[in-house]
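S.K.: Structure here, sequence nowhere to be found:
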């Protein structure tokens, strides 16, 4: 039950999770991305025509193709991104599970690992999503993309750091209050911190006249992709860590029995 053993299993599970996330993103998310890009190109074409009305024909100085063709973006580009994120989150979750096993009261190896994966999804995806949901192409002012990205990662950092501190607080309080009371107290503290951060961080409202149904569908597909990633990490880690734990316990019992003979 070493951190290295956990990490190797986390990286493997993360690779599988990234592959499954790519499948979900391709099947569920990409159709909405294509529709959003079509809207963006249509709006740009109308604006271009309006700007050139009454002037000489354009010389097409800005007609060069995008640095990465769209066909590459939705295939190997998307796959590279999901695999990299899956391996990264899988490794981090595995190391967090290695530190949590045996330190969360009566929770066993499987339960501790499952809790780590659940808290990972909540802190890295769900809570930041509630404040700053994903937007498809053509939504948002290009001039504010830097500040919006910074705000999102600030919210994510607060959520992740807060959940780590909340778990540490719950473990410490459990010695005096008991497991249930400590969990409630730590959870309430964490919720207060997250609500406060959400109120203090800037609110972004740059949707404009983008179709509401397409925006909703895109955001749901984005959340489904992330949920697939974390569900795979959680289920895979619980299975592999559980088998590792059972094997270690069995080996320990055999050694104890041999020593007693």
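M.R.: Cool, got the structure. Keep in mind the model is a prediction, meaning the values are calculated, not measured. Residues are numbered from 1 along each chain as shown.
S.K.: what's the distance between the closest residue to residue 33 other than its chain neighbours and residue 207?
M.R.: Excluding the flanking residues, the one nearest residue 33 by Cβ to Cβ, 6 or more residues apart in numbering is residue 136, at 5.9 Å. Yep, even glycine has a C-beta here, placed from its N, CA and C like the rest. For residue 136, the distance to residue 207 equals 10 Å [Cβ to Cβ, to the nearest Å].
S.K.: any residues in contact with both of these two?
M.R.: Common contacts of residue 136 and residue 207 (Cβ atoms under 8 Å, 6 or more residues apart in numbering): residue 215.
S.K.: ok, those two, which is more surrounded?
M.R.: residue 136 (23 against 12; other Cβ atoms under 10 Å).
S.K.: which ones are touching that one?
M.R.: Residues near residue 136 by Cβ under 8 Å, 6+ apart: 32, 33, 36, 210, 214, 215, 218.
S.K.: which secondary structure element contains the fourth one?
M.R.: Spelled out, that is residue 210. Using DSSP states H and E, residue 210 maps to neither a helix nor a strand.
S.K.: That one contacts residue 32, correct?
M.R.: No - look at residue 210 against residue 32 with Cβ atoms under 8 Å: they stay out of range, at 11.5 Å.
S.K.: out of those two, which sits in the busier spot?
M.R.: A direct count of neighbours by other Cβ under 10 Å for residue 210 and residue 32 places residue 32 higher, at 21 against 18.
S.K.: if I look at the closest residue to that one other than its chain neighbours, how far off is residue 5?
M.R.: Leaving aside its chain neighbours, residue 32 sits nearest to residue 218 (4.2 Å; criterion: Cβ to Cβ, 6+ apart). Remark: distance between residue 218 and residue 5 (Cβ to Cβ) = 39 Å.
S.K.: Neighbour count for the two, which is higher?
M.R.: Between residue 218 and residue 5, counted using other Cβ under 10 Å, residue 218 has the larger neighbour count: 25 against 15.
S.K.: Could you check how far that one is from residue 140?
M.R.: For residue 218, the distance to residue 140 - Cβ to Cβ - is 12 Å.
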